[in-house]
Structures are given as C-alpha cells and as structure tokens.
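Peer 1: Coordinates only, no sequence provided:
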C-alpha cells in the first residue's frame, strides 16, 4: 500500500500561510463559547427563579411571624456551605423578588435568552409593573448591555416615551404585542423630551448651530433617538410647484420600516410647524418611500410646547410627533416631577376623551 504524504509547499523554504485556517478555528471557538455562555446564563437565571418561587411557597405556607427571616438565614448558611458563594441572604431575597415580579415561567424563559441575572436585578426593583415590562422587553429586543440598561433607567427613558402616557390597559396591550410579535410601534420609539446635553450648546445659538452640533455628535444623537435609526440626509431638498423646501434631518428606522423626518425649532411649537411637516411627509411618501415601507413619520423638536394644543391638532393621526429637547439636563428631581405631571395629564385627557 502506497504511503500517503501531506502536500508539499510549492516553493521550498517558504512556510505556508495558516492565517485563513487560524481565523476559521478562532471563529468556531468564539461561537461555541458564546453559545455555552448563553446556555449557562439561561440555566442559572431559571434556577434563581425556581429557588425564589420555592422559597415563596414555603414562606406563604407558614404563617408564623418571623419565619421568613429565619428560614432565609438557615438556607443561606446551608447552601453556602454546600455550593459556595452566590446564596447569601441578600441573593436569596433577590430571587424571591424576581419570582414575584415575573410569575410566569414562560416569560422568564424567553427573556433569559437575552437578559442576564444582572439585567434582572436592575429591573425587579423598579416601582411600576409596566415600567419593569418595558425595560425587560426593550432589553430583549435591542440587546442592551447592563450598563446601557442602567443609563436608560437613569435618563428616565420609560417616562419619556408616549407609551407611559397611555392608559394602563392600552400600554399593556402594546407591550404584549412587542413580546409576542417583536413589533415596535412609534409610541415605543419616540421620546419626549429628548436630552441633547451632549451637544454642549451655549445660551445663544441658531437652528443651524443646533443642526451642525447634532451632525457633529451624530453617534450620540442616534443613541438618544434609540436603536434602529440610520442617518440618511441633512437639508433634504424637496421641490413643490417650483419652490424648494429643505428638511433639516432625514432618518430611516429599520424596525418601523419608515423614513423619519426631523425638524428643529428654537421656539415654542406653533400650528404652522404642523403644516410644514405634513407637507414634507406627503412629499417623502410620494417620492422617497420604497416598496415594503410604511408611511413616513415626522418629529418636530422644539424648545417648548403646549400639550393641550398638540392634542387638539391630533398630530398622531398624521404621523407627527412633537417633542421638547433639553440642551442641559435638569436635576433628576425636577425632571421627574415634570415627566410624572405630564404623564398624569395625558392619561386623564385620554381617559376623558374615551368616556365622551
């Protein structure tokens, strides 16, 4: 039998390149490591949920005062002896709150494919149930890191979405649609106000200065707009009856499958801003919209607005969102009061409108 030999290099003395082979093997290793990490994370998260649920059942089954604290201390000592770190009393309490916050195993199982235990610990101590659902689903859909999640919570993203201003039943329906169909809506995407403190604008500036600052800091601006936005054009020219009009900024949102027009206004929102944006959207719908895309949407960013006037114009039906922008971030307490007041007023107006 003839002995097989490995192919020899075409030129003696030249070492064949192993770069492609090394690259392929590295890819295989990294892919496998990632898959293993996801599997381990999911398994551990589900374990913590089951532990929390089992402890809850035991505590609820025993009505003796102080039993919960006693059993947690005992469990912690025994589990730490048997399995090492990770089962302190504080950790066990996290697991209990986790199982109470997300009582359905199916939802936890789905979320744990994208969210780590550290994500869940940030979410479970938020105050409002809808707030918890919002951040959990947005983490899953947009693949936020734990640091990004913390930043979003600190910037009060939930309170700045239109979703937070809807009656609870409508907001919950929208979150269920996101969970079941991965379908984003404008109310989940658009914010009010937009925080543009990274632009470093001084007391006096023009609309052109504002636009230039946004383009200079386009990466930060896109982060504030949210995931899914891509920059298309600046000063987009539109010709109507021989007259040229210029849209400040044009974006495309991948998940909404829509062009998004952005107009910048230094002054307070006025009804004529609505007319201008409506013209731009109709032009974009006629000349720029591609097959498979939904109708374009518009964002009017202004220094201030009258919420009642905005609602009377019913801009939402025209696909137009009016929002304030902040070039300086106010103290958290002031922003919190302002947003909570706006949320309550919007909910009351919507509920009164439905009751009519």
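Peer 2: Okay, I see it. Keep in mind the model is a prediction, meaning the values are calculated, not measured.

Peer 1: Residue ranges in this protein under the pLDDT threshold?
Peer 2: Within the chain, the ranges that satisfy pLDDT under 70 run 1-18, 60, 62-65, 203, 349-356.

Peer 1: By residue count, which helix of it is the longest?
Peer 2: helix 19-61 (DSSP state H).

Peer 1: And the strands in the stretch 201-350 of the chain?
Peer 2: Ranges of strands within the stretch 201-350 of the chain are 229-240, 243-253, 258-264, 297-302, 320-326, based on DSSP state E, counting those that start in this stretch.

Peer 1: ok, the residue nearest the centre of the chain - contacts?
Peer 2: Centrality entry for the chain: nearest residue to the mean C-alpha point is residue 138, 4.3 Å, by C-alpha atoms, centre = their mean. Residues counted as contacts of residue 138 (C-beta atoms under 8 Å, 6 or more residues apart in numbering) are 144, 152, 157, 188. Heads up, the C-betas are built off the backbone N, CA and C, glycines and all.

Peer 1: ranking those by neighbours, who comes first?
Peer 2: Neighbour counts for those (other C-beta atoms under 10 Å) peak at residue 188, which has 23 neighbours.

Peer 1: Shouldn't that one be within a strand?
Peer 2: No: Residue 188 is assigned helix when assessed by DSSP: H, G, I helix; E, B strand; the rest coil, not a strand.

Peer 1: I'd say it and residue 163 touch.
Peer 2: Yes: using C-beta atoms under 8 Å, residue 188 is in contact with residue 163, at 5.7 Å.

Peer 1: who touches both of the two?
Peer 2: residue 174.

Peer 1: returning to that earlier point: let's have the contacts of residue 138 in CSV, adding secondary structure and distance to residue 274.
Peer 2: What follows is the contacts of residue 138, written out as CSV (DSSP: H, G, I helix; E, B strand; the rest coil; distance: C-beta to C-beta, whole Å):
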residue, secondary structure, distance to residue 274
144, coil, 34
152, helix, 30
157, helix, 26
188, helix, 23
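
Peer 1: Could you name the helices and strands sitting against the longest helix of the chain?
Peer 2: helix 67-83, helix 89-101, helix 105-111, helix 117-123 (3 or more C-beta pairs under 8 Å, 6 or more residues apart in numbering; DSSP states H and E).

Peer 1: Quick one: residues contacting the nearest residue to residue 278 once chain neighbours are set aside.
Peer 2: Residue nearest to residue 278 in three dimensions, not counting chain neighbours: residue 318, with 5.8 Å by C-beta to C-beta, 6 or more residues apart in numbering. Residues in contact with residue 318 (C-beta under 8 Å, 6+ apart) are 274, 278, 281, 298.

Peer 1: Going by distance to residue 116, which of these wins?
Peer 2: residue 298 (37.1 Å; C-beta to C-beta).

Peer 1: Near that closest one, how many other residues are there?
Peer 2: That count, for residue 298 with other C-beta under 10 Å as the rule, works out to 24.

Peer 1: what does residue 243 give?
Peer 2: Using other C-beta under 10 Å, residue 243 is surrounded by 7 other residues.

Peer 1: Can you name the residues bridging to it?
Peer 2: residue 240 (DSSP bridges).

Peer 1: Check the gap between it and residue 49 for me.
Peer 2: 61 Å (C-beta to C-beta, to the nearest Å).

Peer 1: and what of residue 142?
Peer 2: Residue 142 is 23 Å from residue 49, by C-beta to C-beta.

Peer 1: And for residue 300?
Peer 2: The value you get for residue 300 to residue 49, if C-beta to C-beta is used, is 44 Å.

Peer 1: so residue 261 bridges to which residues?
Peer 2: Beta-bridge partners of residue 261, as defined by DSSP bridges: residue 250, residue 298.

Peer 1: So that it lines up with my notes, have the first residue be 22 from now on.
Peer 2: Got it, first residue is 22 now, which makes that one residue 282.

Peer 1: Now do the SS call for residue 148.
Peer 2: coil.

Peer 1: quick one: contacts for it?
Peer 2: By C-beta under 8 Å, 6+ apart, residue 148 has no neighbours at all.

Peer 1: can you give me phi and psi for it?
Peer 2: phi -80, psi -40 (degrees, to the nearest 10).

Peer 1: Then residue 206?
Peer 2: phi -130, psi 160.

Peer 1: what's the burial count for it?
Peer 2: 14.

Peer 1: excluding its backbone neighbours, what's nearest it?
Peer 2: residue 195 (6.0 Å).

Peer 1: check which helix or strand covers that neighbour.
Peer 2: If you go by DSSP states H and E, residue 195 is part of helix 189-202.

Peer 1: by contact count, what packs against that helix?
Peer 2: helix 150-163, helix 207-210.

Peer 1: Mind listing what's buried along the first one?
Peer 2: In terms of neighbour count (16 or more other C-beta atoms under 10 Å), helix 150-163 has its buried residues at 151-163.

Peer 1: Serialize these to a markdown table and add fields for distance to residue 96.
Peer 2: Below are those laid out as a markdown table (distance: C-beta to C-beta, whole Å):
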| residue | distance to residue 96 |
| --- | --- |
| 151 | 32 |
| 152 | 30 |
| 153 | 26 |
| 154 | 29 |
| 155 | 33 |
| 156 | 29 |
| 157 | 27 |
| 158 | 32 |
| 159 | 34 |
| 160 | 29 |
| 161 | 31 |
| 162 | 36 |
| 163 | 36 |
